[in-house]
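>>> Build the 3D model from these lines:
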Amino acid sequence: MSLISLVIQEKGYKEMYPFASWKLFTVPSGGEAYWERYRLYGIKNGDTVRIINTTVQNYDSNEKEGIINGYGGKIDNNDERERNMKKLLIFAKDTSPQFDGYLLYKEKYKPAEIGEKKMNIHKKLITKL
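Purely as a prediction, here's the structure:
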């Protein structure tokens, strides 16, 4: 089933067998009631757009996620807040330079809802960078 699911994903369809994903074993979250993570949103011409953690020249999607969550947690906990905001802004400008400004949000959701037609994500604005 894992091999079939992998082939289906390569063709652009949704994963039918969840155990095909290596993240299930390295970052298990399906059993958690809620999961929290930090996300960057970009501001362009007055619109706010969620920045997707895709691979760019110097970072893959997992590295981007880790960097945003690392700095986001420190900023949220007021751990050298100004210094970490500057570092996150430099990172945001480097990886997504097309935006005029950036917002850091904390998102809370239920991992069990991933893949459902409707997924409830509760967002809290942490700061504007």
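
>>> show me what contacts Gly70?
Contact partners of Gly70, counting by C-beta atoms under 8 Å, 6 or more residues apart in numbering, are absent. (C-beta placed from N, C-alpha, C; glycine too.)

>>> Pull out the buried positions in the helix or strand harbouring it.
Using DSSP states H and E, Gly70 falls within helix 61-76. Neighbour-count burial for helix 61-76 flags Lys64, Glu65, Ile67, Ile68, Tyr71, Gly72, Gly73, Lys74, Ile75, Asp76 (criterion: 16 or more other C-beta atoms under 10 Å).

>>> Just give me the closest of those to Leu88.
Relative to Leu88, the closest of those is Tyr71; by C-beta to C-beta it sits at 4.1 Å.

>>> Excluding chain neighbours, what is closest to the closest one?
Leu88 (4.1 Å; C-beta to C-beta, 6 or more residues apart in numbering).

>>> That neighbour contacts Leu129, doesn't it?
Yes - with contact defined as C-beta atoms under 8 Å, Leu88 counts as touching Leu129 (6.1 Å).
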